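Undergrad: For reference, the sequence and a predicted model appear below.
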Amino acid sequence: MEHYQALSEKYLAEAKELLKKGDLVQASEKFWGAAALTVKMVAAKRGLTLEEHGSLWNYINTLAKVSGDKDIVRFFGEANALHRNFYENEMARESVEILAEDIEKLVGKLRKIS
């Protein structure tokens with residue numbers, strides 16, 4: 001659990017630095033990593049282990065239902081778009097910046113749930 005939290009914080013900080021430097025591809029992947037690891041942290045606090053991409057989505061859906069916060073799903077979808085950007089390098093800086101704001105909101109919401 002602490003492992004996931006520490007890595008999530010590290011990746012979030014690195015993502016912000018990479019974004020400032022204009023490395024959109026690497027920043028995108030770090031934002032995705034921060035989001036995914038925060039989901040894994042919440043699950044670990046509940047004794048669950050999430051090892052597949054699909055299990056992250058299943059758990060996100062569960063968290064959204066339990067909390068009544070649909071933004072959790074929306075923001076995780078944005079994290080997934082950033083993950084895709086790592087492979088495709090198709091987003092403009094402005095798009096990555098906007099989605100990055102929502103990833104920070106997602107991480108904050110998930111930390112409050114945990």
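TA: All right, it came through fine.
Undergrad: so where do the helices sit in the chain?
TA: Secondary structure of the chain (DSSP state H): helices located at 2-21, 24-45, 53-67, 71-88, 93-113.
Undergrad: Which residues outside the second one are in contact with it?
TA: Helix 24-45 is contacted from outside by 1, 4-5, 7-9, 11-12, 14-16, 18-19, 49-50, 56, 59-60, 63, 75-76, 79-80, 82-83, 85-86, 89, 91, 93, 96, 99-100, 103, 106-107, 110-111, 113-114, using Cβ atoms under 8 Å, 6 or more residues apart in numbering. Just so you know, the C-beta spots here come from the backbone N, C-alpha and C atoms, and that holds for glycine as well.
Undergrad: That helix: how far from the chain's middle?
TA: In this view, helix 24-45 has its centroid 4 Å away from the chain centroid, taken as Cα atoms, centre = their mean, to the nearest Å.
Undergrad: Determine the angle, from 0 to 180 degrees, between that helix and helix 93-113.
TA: Helix 24-45 runs at 10 degrees relative to helix 93-113, counting by axes from the mean of the first three to the mean of the last three Cα atoms, to 10 degrees.
Undergrad: what number of residues lie near the closest residue to T49 other than its chain neighbours?
TA: Nearest residue to T49, sequence neighbours excluded (Cβ to Cβ, 6 or more residues apart in numbering): A43, at 7.0 Å. A43 is flanked by 20 other residues according to other Cβ atoms under 10 Å.
Undergrad: for V96, same thing?
TA: Residues near V96, counting by other Cβ under 10 Å, number 23.
Undergrad: okay, the closest residue to it other than its chain neighbours: pLDDT?
TA: In space, V96 comes closest to L24 once its chain neighbours are excluded; the distance is 5.0 Å by Cβ to Cβ, 6+ apart. Looking at L24, its pLDDT is 98.
Undergrad: and if you look at A100?
TA: A100 carries a pLDDT score of 98 in this model.
Undergrad: Verify the stated contact: it with K20.
TA: No. Between A100 and K20 there is no contact under Cβ atoms under 8 Å: 10.7 Å.
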